[in-house]
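Undergrad: below are the sequence and a predicted model; questions follow.
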Protein chains: 2
Amino acid sequence: MRSHYCGQVTEALIGQQVTLCGWVNRRRDLGGLIFIDIRDRDGLVQVVFDPDQKDMFAVAEKLRQEFCIRLQGTVRARPDGQVNKDMASGAVEINATELEIISRAEPLPIDFNQQVSEEQRLRFRYLDLRRPQMSHNLQFRAKVTSLVRRFFDEQGFLDIETPMLTRATPEGARDYLVPSRTHKGKFFALPQSPQLFKQLLMMSGFDRYYQIVKCFRDEDLRADRQPEFTQIDIETSFMSADQVMAVTEKMTRQLFSELLQVELGEFPRMTWHEAMRRFGSDKPDLRNPLELVDVADLLKEVEFKVFSGPANDANGRVAALKVPGKAEAISRKNIDEYTNFVGIYGAKGLAWLKVKDLSAGREGIQSPVLKFIPDDALQGILERTEAANGDIIFFGADKSTVVAEALGALRLKVGQEHGFVSDEWRPLWVVDFPMFEAYEGGLAALHHPFTAPVNVTAEELKANPAEALSNAYDMVLNGVEVGGGSVRIHENQMQQAVFGILGIEPDEAQEKFGFLLEALKYGTPPHAGLAFGLDRLVMLMVGASSIRDVIAFPKTTTAACVLTDAPGVANTAALDDLGIDLKALPGTDDSE
Amino acid sequence: MRSHYCGQVTEALIGQQVTLCGWVNRRRDLGGLIFIDIRDRDGLVQVVFDPDQKDMFAVAEKLRQEFCIRLQGTVRARPDGQVNKDMASGAVEINATELEIISRAEPLPIDFNQQVSEEQRLRFRYLDLRRPQMSHNLQFRAKVTSLVRRFFDEQGFLDIETPMLTRATPEGARDYLVPSRTHKGKFFALPQSPQLFKQLLMMSGFDRYYQIVKCFRDEDLRADRQPEFTQIDIETSFMSADQVMAVTEKMTRQLFSELLQVELGEFPRMTWHEAMRRFGSDKPDLRNPLELVDVADLLKEVEFKVFSGPANDANGRVAALKVPGKAEAISRKNIDEYTNFVGIYGAKGLAWLKVKDLSAGREGIQSPVLKFIPDDALQGILERTEAANGDIIFFGADKSTVVAEALGALRLKVGQEHGFVSDEWRPLWVVDFPMFEAYEGGLAALHHPFTAPVNVTAEELKANPAEALSNAYDMVLNGVEVGGGSVRIHENQMQQAVFGILGIEPDEAQEKFGFLLEALKYGTPPHAGLAFGLDRLVMLMVGASSIRDVIAFPKTTTAACVLTDAPGVANTAALDDLGIDLKALPGTDDSE
């Protein structure tokens, strides 16, 4: 039905006849002529209808925004002065010779030239997706998946599908349950990840697996979460952590090189402890040069308990965050706001200090806590933070976790607001995570319970679990965790030891993971893998502010689809068939 | 950890040192030496351990079936007389120099040299998948998906993901429901197909879409059905039915050419009416030369009501199925069995006629119904079926649908049992389906309610729906429907007309499909698409007898996973959270 996509019509085609299909992006009537931009997925091109061609012009007069049309015409250079350098086709226009209206459009329910609410965009998603930016985002996403698949195919990875109707797993976040009709009263769960199935595939000898796969989490949504999300999931046998990192890093470099013409170079590695110490985060944004500096040792002896308490507590931490040159720019009002902000992360206050004039001694320092800081401690802080006139220093003093979270978040906020964040790509690997973290009186797995520890036997791990490091690795890019993985446990005894440390009783372990423990008995190869969050990776690459902008039909923040009005009411017969009753009446959901 | 896959070790490597990782497939101790076959996903190779290397030999003595090992050695030619032509590596063996046991295996719970039940295979799927045939099936499947994606990428199709948590659709088979936590009392449905979303993508201007996507149907399972199955799903704008058929046919030809070295050639087309007339099926297996021959016109006047009744009924049919040369081979006992068999399809009996000696007139014919067939009718039947001595002819006389189903099924059964089915690939397109079929007093869509009719206006369709043909096309291969698609309705009025004909009231249409009817108002492009059943296609290509053999972790025929024991019992707190109660007690499912 067409000879070219609209975006393909450039100077190279001048003098040629083309046939196009697309939508009326805009119509202007000027000097007796009708001008439209016709749009398809590839771009826009200007079309001119001349009144001399009466029949065609009569049809053109009917054209309105978003009519779907087909036309023929000759490509010609635009007159001087009418060239539009912002359009790929801006130097040419089409002198139409034939026009057919394929499908009319009523006046649009939303006007994309105005600010449109997220709700309206999702309600009329089919129109929202016609916008060039959204069309670009999804076309870019298709390029990403295509390149990822090509990459793994070439590396000998096998694309193998794992089930969507699975057994519930206790991976922390909530499962979506699916009632079974054949087995009334029982439920499948939609997978939070294909973790155990991909491990079983390694036990089956498939050696290198990948899949781009939907995963599900029924949790309260944030800007960058969706109930269903997509993972680039890989697993390998007989490969070390270094080799898995090498191959996935290569994939990432290739994506950026081919699709964004950006050379990422080799990714630096940083231990989890260093990341927490310097950036207060296990996913540090290296574009931001601000860093946390530990000063507890300087403040152990001060009388001010806010400092000396955490400074003398094994689980405490006192750290400084210097913001260079912003003593003036950051007002008392800003500081009050930051104090509230760190409160979200559990910080009970936000001490600060402005360096007015280093040569003036204590007189040159402005700070509500100055009187609590003796000379030598002050001197130590200023030296260690390499403070200069005009700097402001914030302090965090609390449990280590609170200090890291609060100052880590403040670092990002101040860095963003005061222009410290550079415009570049800064990937890194975070490695050497602790195996476990304290959680409600016990220990929880920092990654998941199938992650192997570094260089310990099952007995050694049981003797001192809190000290153990895991053989896990996260790929972090500009402060976003885009991928995470680990070497897996491939020995029955080690897996049982980890379950025991996590407080999973042998009976429970058998009931939930009996098939895994059994499978580990029959010659399991050493295996390791990684999963990328595809949505987040694409979001970063296209510069979108929400993963909703890189998903064709996302859910709202209340996990609903306003386009199709899902979830919906199920009919009673269907529920009877599943053996379930509703506790709440349908329609009461809005009251929650 | 390795230099080669096992299957790569051939004569080309003689004299070289190799390092392999894999599993002990078999161990034999012979003449003081230990022989094993080591196996990985790529194949097997024989390894010899020499007692002269004492330390290594001591390790080799511990080897048992399915131990996971790593070894080094030198490739050498096997001694004359020990070459195994059935193995790719059968001309060589590895003289081991180093051996490491990576992971031991307990004695296997199943013995693959014995007959193993399907249940046991699924229970220990990770071991079942180690078998070379199963490993091959899944590796072949990965090649199919890789090639399909490459093909559509090159043709400018965009891989776009559609949601898994969707609104329930009334597509006939049952939805899997997913209770919503945020919207208590409401349910998502897992998609039976991405049909409406891919149509919306066309309305968004994406123009060419494909996806390899999981779909779900909660229905009673048969040998070739699974609750979750995978579709190769495509949709295009501005393309005709012919163009969609051309591109998908090209894809299929390329799959067979590249992966099986089979050239399928151009696919013939057959109308639905011709397929039903000649083969009694809308998915005729053209490898089977047996055909139905209509003889109603010859039997209108006979007194025998079994024939004359259907012969004179507009909805009736009388057809003959000649089986050449099998009058002897098919005994009375066989005929009784066939009579029972056609009974499954509603046939009340199975008349037959054996041609003993054509030159002997009626004397040369043996048939229990001979006395009911006058001379001229008999002559007509023999001529029209081109009967020869030694042939047997079966008759179907009933409603058209019963005759087609019964004789169509008998044709397949007899063809299979008596060696008529050739060993070749016989694809075709079935086209020109009726739009509707009679169903419980009303009309049902033969494809789905979004299929466009051929060359009628909405008014004409409403006036005479039973006569309308749909712009649908099925790709059939060796009697299996591997793909089906259609041109879609792209006009609001036509879509409303079809809903009306299907007995969907305007209110109901609005409630269920309001978003589609709304979307059809804003410049919808003409669009058409197709979906392949990936599981069945791969099953055909690898020659498996069940789709379970081309799916890594399939469900049993009762829609359960015996490996992970899913579905399972949900905890009460989770159900409270979803606002649902169980009607039946857990554990009562076995009584059903």
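TA: All right, it came through fine.

Undergrad: average model confidence for stretch A:35-45?
TA: Model confidence over stretch A:35-45, given as mean pLDDT, is 96.

Undergrad: cool, stretch A:79-88 as well?
TA: Average pLDDT, stretch A:79-88: 87.

Undergrad: next one: stretch A:184-204
TA: Mean pLDDT, computed over stretch A:184-204, is 95.

Undergrad: same thing with stretch A:464-471?
TA: Rounded mean pLDDT across stretch A:464-471 is 94.

Undergrad: again with stretch A:160-171
TA: Averaging pLDDT along stretch A:160-171 yields 84.

Undergrad: same question, stretch A:95-109
TA: So the average pLDDT for stretch A:95-109 ends up being 97.

Undergrad: and whichever residue of the stretch 301-450 of chain A sits closest to chain B, what does it touch?
TA: The stretch 301-450 of chain A approaches chain B most closely through A:F450 (14.4 Å), counting by C-beta to the nearest C-beta. Every residue, glycine included, has its C-beta placed from N, CA and C. If a contact means C-beta atoms under 8 Å, 6 or more residues apart in numbering or on different chains, then A:F450 has A:Q195, A:L196, A:Q199, A:S486, A:R488, A:I489, A:Q495, A:V498, A:L516 as its contacts.

Undergrad: for the residue of the stretch 201-350 of chain A found nearest chain B, give me phi and psi.
TA: Going by C-beta to the nearest C-beta, chain B is nearest to A:S204 of the stretch 201-350 of chain A, at 3.6 Å. Per-residue torsions, A:S204: phi -80, psi -10 (degrees, to the nearest 10).

Undergrad: remind me, longest strand of chain A?
TA: strand A:17-30 (DSSP state E).

Undergrad: for the stretch 1-150 of chain A, what lies in contact range of chain B?
TA: A:1-2, A:21-24, A:39-41, A:66-68, A:70, A:102-106, A:108, A:125-127, A:129-130, A:135, A:138-139, A:141-142, A:145-146, A:149-150 (C-beta under 8 Å from any C-beta of the partner chain).

Undergrad: buried subset of those as a PyMOL selection?
TA: Filtering those down to the buried ones (16 or more other C-beta atoms under 10 Å in any protein chain shown) takes a single PyMOL command:
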select buried, chain A and resi 2+21+22+23+24+39+40+41+66+67+68+70+102+103+104+105+108+125+126+127+129+130+135+138+141+142+145+146+149+150
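
Undergrad: in strands, which of the residues of the stretch 1-150 of chain A next to chain B appear?
TA: Those of the residues of the stretch 1-150 of chain A next to chain B lying in strands (DSSP E): A:C21, A:G22, A:W23, A:V24, A:R39, A:D40, A:C68, A:R70, A:I102, A:S103.

Undergrad: please name every helix or strand in contact with the longest strand of chain A.
TA: strand A:33-40, strand A:68-77, strand A:92-103 (3 or more C-beta pairs under 8 Å, 6 or more residues apart in numbering or on different chains; DSSP states H and E).

Undergrad: kindly recompute the last result at 7 Å.
TA: Helices and strands touching strand A:17-30, as assessed by 3 or more C-beta pairs under 7 Å, 6 or more residues apart in numbering or on different chains; DSSP states H and E, comprise strand A:33-40, strand A:68-77.

Undergrad: name the SS class of A:V421, please.
TA: coil (DSSP: H, G, I helix; E, B strand; the rest coil).

Undergrad: what does the stretch 351-500 of chain A put close to chain B?
TA: With C-beta under 7 Å from any C-beta of the partner chain as the criterion, the stretch 351-500 of chain A meets chain B at residues A:H490.

Undergrad: where do the helices of the stretch 351-500 of chain A begin and end?
TA: A:375-384, A:400-417, A:458-463, A:492-501 (DSSP state H, counting those that start in this stretch).

Undergrad: for the longest one, buried residues please.
TA: Of the residues in helix A:400-417, those buried under the neighbour-count criterion (16+ other C-beta under 10 Å) are A:400-412, A:414-415, A:417.
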